[in-house]
Every structure is written in structure tokens, then in C-alpha cells.
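A.B. asks: Task: produce atomic coordinates for the following.
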Amino acid sequence: NTVPVHIVFTFCTSFFLLWTSFHIPNLETYNHQKLFLIFSTVIPNSDMSHDIMEAAERLYKNTEIMAPMVRASTTPLRTLALKYGADTVYTEEIIDRSILGCDRIANEDLGTIDYVKKTHGYSKKQLKKLLKHQKGSSINNGASSSCKEIQRPVILRIAHEIERGRLVYQIGTGDSTTALRAAQMVQQDVDAIDINMGCPKKFSTAGGMGSQLLKDVGRACDIVKTLRRNLTIPVSCKIRLLHDTSSTVDFVRALEQAGACAIAVHAREVGDVSTEPAKWDRLEPVISAINVPSIVNGDMYARTDMEKLKKMSGADSVMLARPALYNTSIFRKDGNTLPKHEVVRDYLFESLKWSANYVNVKYVVCEFMNNRRAPHTRLPDLPQVYRQRQSIQKVCECKSIEDLCHLWDVSTSAVKHRQSNDNCLLDRVYDDRYFTAPDELKKIRSKNQDLNSSTNDVTQEPLNKKFKGQSDFVK
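C.D. replies: The predicted model follows:
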């Protein structure tokens, strides 16, 4: 009779860690954590690994997936996509430190699991601003005007009734230790963890996250390995094309070797603009190098595009971002997309049902109604005509969820309003000129950046980094 190798490995590891704790007392806590992650991992149980890969195939193989989109991929759009026919949905990117600063709460009114921001790290100024927003809010899905206690921001709301078995949590991270703590916190409520390795936005790259990982394959693989060794759910990665095909192939092979259960490839490089067509022609050699479920992403605005790119690349699945914002009913398997005004109305109904933040709802509706980031070659096929002549300007004039519903002829009595603590997040503030006068806003921000550069630009970034991913229009 022989002792199983993983038991011997665990015993030796435990002895090593015990020895270091006595003989190297000045070793920093961070290094202890690193040693624990490296040496305390038991060789994965083959049955568990098999179960994880089966779960990955259900999520990522032969599926149509709604992509992670900052601000947009929140509960209402995710549930709407699933109802229309999406097989899998991603949360928006949520930074590891952000979720670690939350409490997990069962919301009995909504039947959801909410990850709610702790406020002990807020400054007095931030708390005052949050309370002011809540008292001044006219929406009937959160605090009343007489509330005396600050209602804590909801960072993540999960509708298990609809999303169970189909929800992927996308994490923004640049460090395996922090990533593991965050992933372990949410793994009981989600079906997989996806590591963002493609976001080029400053809020992500400044922390060594997102597309910065494309430049550091060692760190990227360390994160994958750490999560795979310690989680009981699949771990996937979403990347962009690197500067050449050979480099991209080497990168995806390294991720797979590290333990990635699936890999999604956005057919653009860092620096490519969305108004230019995605590089479909570069996908096939990359996808053919991937043995785990592969997913392609980029400019599939019709079901015929989905079929064409899947066949052209050899990918297992497709992922939609902006096309899902243009018309979420693209996920309908029969190919009969709904008129856009019906999609907006359905989205507002979901927003009421899940007590969504009104400012965020308004942003998503504006995204439905504009083609500013669509490829120029696609614009003739993307009309923006509405039955009651609704416009972005009219949407931006709305001051509450009730105003939005009135504009789109949605009855607010159709869904019973419930108590919510998601009524006014500090990171949900944006300027309407982002949609109504983008050039003017860009000039103003360019001037502000020039001014801030002389003072190290320290006034805005720390607040933004306290929360999940910010897009470039957050003030």
C-alpha cells in the first residue's frame, strides 16, 4: 500500500510553512501568503477537475454569450439577454479590491444576492455627497427623502432565479493573491470567474490589470494557476489580439497550460478604434491553437455574422458586446429581432423589477440609441428610428426612472417597487454631454487633464479606484 502523492505533498508543504514561520519571523505577511499559494496547493483531484471542465463546456461551448461591458452588464441587461436567448452572461468587470470591500447580503425583497459596499473607508466628504444624492433622489426604488442613514452602494446584484448556471463574474486584477481572495468571496454565487486581460482603459491598466497583463505572460499565468488550484468553478480569460499572430498564439497556449478552462479573443488589438472593423482575418490561427473552449468577439451585428465568424475562425462560441447594446434581441434563436422600442421597454421593465440605479439605466438606454462606437461600414444597417420619436436628448432630460418609463410608455405599476439600496452610487455619475455633446465634453476634459497634470492629477483617481471599473466619462 502506497501513500497517495498529494497527501505526501501536503504534509511536506505544511512542514515547510511551519518551519518558515519559526525560522524566518521577519518574512513579510505578503510573502507568507505567496508561499501558501505556491506550496500549500494540493495536486488537483481528477474528479473535481473533470467536473470543472464539464461546467466550462456548458458555459463556453456552442453558446452565445453577452460580453462584460462597463456599466451595461448589470442585472437588468443580463436578465433581459437571458430571456431573449443568450446562453451565458458576464458581469461587468469588477475590480478585486472593490468586491473585497463589500458585504454579501441576501435581499429578500428582490430575491437577489447583493454585494454591498462597506462605507468605513469613505471620507466625510464622500459620505456627505452620497447622502446628498440619496436625499435628493426622486426615484421610488430606494431611500426616501427623509432617510437619515446612508444606504450603501450595491456593487453586484445577482438574480439567482434567472442567472443560476449561466453567470460568469469578470474580475479586474493584477495580482494572484488579491484575485484569489476576491474570487473565493463570490464563487458560491457565480458559475465561473473570468480574468479581464483586454481592457485598455486607464483605470484598469494603471493598476497593472486588463491589457497590461498581455505584456506580462508570467503574471497572467500566475493568476490563472492560483485561481485554478484553489477554486471549485471554471476560470476563463478574455484577451485581445497581440501585435502579431505568433505572439498571440504563444500567449493563449501559455494561458491554457496554466489551467484556463476557456479563452475569449476580441478581434482587435490594444489601440484599435471600435469605429474600424474588427480583424476577423487574424482569428483562425489563434483559435486553432486553443484546445479548451474558444470564444470570438467583435462586430457581429446580425445572426448571419455570428454564423460566419464562428465558421471562419473555427471557434466554439461567440460573444457579443456592442451588438447586444444595439439590439439585445439579437440573441433570439429564431432570428426574429424585435423593434428597438420594444427592446428598450423590456429593458426598463427589467430595471424596475431589479430596482436598478436610475442613472445607470439612463446611460444604457442612451447606448441603445446611438451608434457612435459602431464601425463606419455598419452604420447603414443600424437605423435609430423610434415609433414615438424618442431621442437621446429627451432621455437625457429625464430626472427619474418614472420619467424614463413615461417617455417609453412603460407602466411603473407593472412591477411593484421594492426597497433598494442601489439608488445612487457615487461611481454612477456621468455627464449627459457624453451623449449629447461629446466633442465639447472631450475638449473640456482635455483642458482639465492639462491642468491636473501640473498638480499630479490626484483629485479624481483615488475615488474612482474605490469602485468597480470606470469608463472614460466618469467624473
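
A.B. asks: can we go C-alpha only for contacts and neighbour counts from here?
C.D. replies: Will do.

A.B. asks: which residue is nearest the middle of this protein?
C.D. replies: Glu92 (1.9 Å; Cα atoms, centre = their mean).

A.B. asks: Identify the residues contacting that residue.
C.D. replies: 68-74, 169-170, 469 (Cα atoms under 8 Å, 6 or more residues apart in numbering).

A.B. asks: mind running it again at 6 Å?
C.D. replies: With contacts defined as Cα atoms under 6 Å, 6 or more residues apart in numbering, Glu92 is in contact with 68-70, 73.

A.B. asks: What helix or strand is Leu156 located in?
C.D. replies: Assigned by DSSP states H and E, Leu156 belongs to strand 154-158.

A.B. asks: Same list, the contacts of Glu92, but as TSV with pLDDT, neighbour count and secondary structure please.
C.D. replies: Formatted as TSV, the contacts of Glu92 follow (pLDDT from 0 to 100; neighbours: other Cα atoms under 10 Å; DSSP: H, G, I helix; E, B strand; the rest coil):
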residue	pLDDT	neighbour count	secondary structure
Pro68	97	26	coil
Met69	95	19	coil
Val70	92	15	coil
Ser73	96	22	coil
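
A.B. asks: Got the phi and psi for Lys117?
C.D. replies: phi -70, psi 130 (degrees, to the nearest 10).

A.B. asks: phi, psi of the closest residue to it other than its chain neighbours?
C.D. replies: Counting by Cα to Cα, 6 or more residues apart in numbering, Lys117 lies nearest to Cys102, which is 4.4 Å off, once chain neighbours are set aside. Per-residue torsions, Cys102: phi -120, psi 160 (degrees, to the nearest 10).

A.B. asks: ok, Cys102 touching Asp114?
C.D. replies: No - using Cα atoms under 6 Å, Cys102 is not in contact with Asp114; the gap is 9.2 Å.

A.B. asks: Identify the residues contacting stretch 226-237?
C.D. replies: Here stretch 226-237 makes contact (Cα under 6 Å, 6+ apart) with 52, 56, 180, 192-195, 260-263.

A.B. asks: correction: stretch 199-219
C.D. replies: By Cα under 6 Å, 6+ apart, stretch 199-219 touches 173-174, 196-198, 220.

A.B. asks: would you list every one of the strands in the stretch 101-250 of the chain?
C.D. replies: Counting by DSSP state E, counting those that start in this stretch, the stretch 101-250 of the chain has strands at residues 102-107, 112-117, 154-158, 167-172, 192-197, 235-241.

A.B. asks: Those: which one's closest to Gly298?
C.D. replies: Nearest of the strands of the stretch 101-250 of the chain to Gly298, taken as Cα to Cα: strand 235-241 at 10.2 Å.

A.B. asks: and the closest one with strand 192-197, angle?
C.D. replies: Put simply, strand 235-241 runs at 30 degrees to strand 192-197, going by axes from the mean of the first three to the mean of the last three Cα atoms, to 10 degrees.

A.B. asks: May I see the buried residues of strand 235-241?
C.D. replies: Under the neighbour-count criterion of 16 or more other Cα atoms under 10 Å, strand 235-241 has 235-241 buried.

A.B. asks: Equivalent analysis for stretch 96-115, please.
C.D. replies: 96-104, 107, 110, 112-115.

A.B. asks: any idea of the mean pLDDT for it?
C.D. replies: Regarding stretch 96-115, the rounded mean pLDDT is 95.

A.B. asks: Alpha carbons of it, in PDB - could you do that?
C.D. replies: Provided in PDB are the C-alpha atoms of stretch 96-115 (Å, rounded to 0.1, in the frame of the first residue of the first chain):
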ATOM      1  CA  ASP A  96     -10.800  42.600  -7.000                       C
ATOM      2  CA  ARG A  97     -10.300  45.300  -4.300                       C
ATOM      3  CA  SER A  98     -13.800  46.600  -4.800                       C
ATOM      4  CA  ILE A  99     -15.600  43.300  -4.200                       C
ATOM      5  CA  LEU A 100     -13.400  42.700  -1.100                       C
ATOM      6  CA  GLY A 101     -14.700  45.900   0.300                       C
ATOM      7  CA  CYS A 102     -18.300  44.500   0.300                       C
ATOM      8  CA  ASP A 103     -20.600  42.600   2.500                       C
ATOM      9  CA  ARG A 104     -22.700  39.800   1.000                       C
ATOM     10  CA  ILE A 105     -26.400  40.300   1.700                       C
ATOM     11  CA  ALA A 106     -29.400  38.200   0.800                       C
ATOM     12  CA  ASN A 107     -32.000  40.700  -0.500                       C
ATOM     13  CA  GLU A 108     -35.300  39.100   0.500                       C
ATOM     14  CA  ASP A 109     -37.400  41.700  -1.200                       C
ATOM     15  CA  LEU A 110     -35.900  41.200  -4.600                       C
ATOM     16  CA  GLY A 111     -34.800  37.600  -4.200                       C
ATOM     17  CA  THR A 112     -31.300  38.500  -5.100                       C
ATOM     18  CA  ILE A 113     -27.800  38.300  -3.600                       C
ATOM     19  CA  ASP A 114     -26.300  41.700  -3.200                       C
ATOM     20  CA  TYR A 115     -22.700  42.600  -2.700                       C
END
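
A.B. asks: how far is that stretch from where the chain is centred?
C.D. replies: Mean C-alpha position of stretch 96-115 versus that of the full chain (Cα atoms, centre = their mean, to the nearest Å) differs by 16 Å.

A.B. asks: For the closest residue to Arg104 other than its chain neighbours, name its beta-bridge partners.
C.D. replies: Of all residues not flanking Arg104 in the chain, Tyr115 sits nearest, at 4.6 Å (Cα to Cα, 6+ apart). In this entry, Tyr115 is beta-bridged to Arg104, Leu156, by DSSP bridges.

A.B. asks: hmm, back to that, can you list the buried residues of strand 235-241 in a markdown table and add pLDDT?
C.D. replies: Shown next, in a markdown table, are the buried residues of strand 235-241 (pLDDT from 0 to 100):
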| residue | pLDDT |
| --- | --- |
| Val235 | 98 |
| Ser236 | 98 |
| Cys237 | 98 |
| Lys238 | 98 |
| Ile239 | 98 |
| Arg240 | 97 |
| Leu241 | 97 |
